[in-house]
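**Q** have a look at this prediction, sequence included:
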Amino acid sequence: MEPIYKGAWVEPKATDWVLGAESAIPFEKRVDAWSHYLPTHERQRNDLFDSNMCVTYAGLNSLETQIVYLMSNDLLPTTAADFLRDNGYLDENNRPNFNEAFCAKQNGTTIQGNHLGAFWDSVRKTGVIPQSRWVDIKSAQKWEDLMVEIPQELLDLGKEFLKHFDIAYEWTLLGTPNANVMAKEVQHAPLHIAAPVCSPWNVDTVIGLCPDQRLAHATLIYGAVSPEFFMDLDHYSPYEKKLAWNYHLPYAIKGIIRVRIVAPTEKPPAHVFTQHLKIFQISPEVRHLQLALKYLGFFKYPIATGYYGENTRLAVRAFQYKYQLDTPTNLALVNGMYVGPKTRAKLNELMA
């Protein structure tokens with residue numbers, strides 16, 4: 001049974017976004033669980049030493065999982081897909097695989113580990129590079145081998161990555177466990193957690209509560225079966241395990257990676273809107289609505305998903321208010337949740 005070394009803690013900043021407070025990451029359900037999109041399994045130690053980079057491993061697993069989702073659902077623009085392929089970001093399983101040593105060096109990881117926010121605050125500024133382009137745990141003889149200076153060429157590649165992708169994060173839990181909140185939010189993105197390590201840990205299902213409740217390890221929650229267990233992706237075998245529903249999980253970050261899309265210079269293909277649309281609807285017609293609103297400057301989400309979620313509602317509401325498509329009272333009642341005859345008529349007029 002291999003030991004689990006301490007390597008994770010939390011140091012929230014006053015400027016961090018927090019769920020339920022000021023944030024630019026509105027909830028939008030994407031999956032029931034991320035099981036089909038998990039990246040290639042990786043171990044955070046070799047036969048000589050433990051990297052204590054669990055915070056970085058778990059954070060990168062979140063980014064990798066979300067990119068697999070985008071790839072699998074044809075949500076990556078050709079330019080972004082070509083960038084990943086041409087620069088070696090995809091591994092032998094055709095899944096994105098990012099280098100932990102690169103990010104750990106950038107985010108200030110020490111032999112004792114690091115805190116969750118440091119990973120997200122750093123990666124959104126410095127980007128990521130392919131696993132194969134730099135040193136990793138498999139080849140390192142000692143911990144210091146992972147902390148050598150990074151060539152400028154690779155630093156530039158990390159910044160190039162950020163020309164195609166935007167990264168943001170918010171605290172989902174900030175000191176108080178809430179299984180129901182986690183079960184909901186994990187449908188939007190995997191959750192990066194810092195938690196105590198209950199013994200036995202290297203088993204398929206970890207149950208019970210730790211006696212001291214101290215934070216020690218960072219992993220990734222990628223699904224929930226309420227009210228039974230959470231699905232957890234780790235860097236120690238078994239890599240995919242279950243944490244009991246009442247497992248002490250007081251801290252979690254939801255990191256989001258979004259595709260950057262250059263605004264079109266020409267109108268999208270002409271489309272005549274004839275259907276009534278409403279919140280939570282999924283259809284090709286919703287995607288046409290998103291494309292039209294994006295062209296007109298109202299839809300801010302980088303991808304036209306075809307799902308009428310919070311981002312679409314906000315765009316519709318702004319559009320309806322700008323063109324005064326009803327009385328203020330009625331617009332407040334509709335609140336962007338419906339696209340009716342007046343909104344369709346104005347869209348058709350502007351997009352003709």
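**A** Great, that's in hand. Numbering: from 1, shown residues only.

**Q** and stretch 35-47, what's buried?
**A** Under the neighbour-count criterion of 16 or more other CB atoms under 10 Å, stretch 35-47 has 37, 38, 39, 40, 42, 43, 44, 45 buried. Quick note: C-beta positions are derived from backbone N, CA and C, even for glycine.

**Q** in this protein, which spans are helices?
**A** Using DSSP state H, the helices of the chain run over 54-72, 78-86, 100-107, 116-126, 152-161, 179-185, 284-295, 310-322, 328-334, 341-351.

**Q** what does the third one contact?
**A** Just to be clear, that refers to helix 100-107. 42, 44, 51, 53, 55-57, 59-60, 114, 118-119, 121-123, 126, 128-129, 131, 134-137, 140, 146-147, 150, 154, 158 (CB atoms under 8 Å, 6 or more residues apart in numbering).

**Q** what about burial for those, which qualify?
**A** The neighbour-count test (16+ other CB under 10 Å) marks 42, 44, 51, 53, 55-57, 59-60, 114, 118-119, 121-123, 126, 128-129, 131, 134-137, 140, 146-147, 150, 158 as buried among the contacts of helix 100-107.

**Q** tell me the contacts of the residue most central in space within the chain?
**A** Nearest residue to the geometric centre of the chain (CA atoms, centre = their mean): residue 256, 3.0 Å. For residue 256, the contacting residues are 25, 66, 167, 168, 169, 188, 189, by CB under 8 Å, 6+ apart.

**Q** dump those to CSV, plus distance to residue 341, pLDDT and neighbour count.
**A** Supplementary listing: those in CSV, determined by distance: CB to CB, whole Å; pLDDT from 0 to 100; neighbours: other CB atoms under 10 Å:
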residue, distance to residue 341, pLDDT, neighbour count
25, 33, 85, 19
66, 38, 98, 23
167, 40, 96, 22
168, 36, 94, 15
169, 40, 95, 25
188, 32, 97, 18
189, 36, 98, 27
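
**Q** which one of the residues you listed is nearest residue 321?
**A** residue 25 (22.9 Å; CB to CB).

**Q** does the closest one really touch residue 168, like I thought?
**A** Yes: using CB atoms under 8 Å, residue 25 makes contact with residue 168 at a distance of 5.8 Å.

**Q** overlap of the contact sets of the two?
**A** Common neighbours of residue 25 and residue 168 (criterion: CB under 8 Å, 6+ apart): 17, 256.
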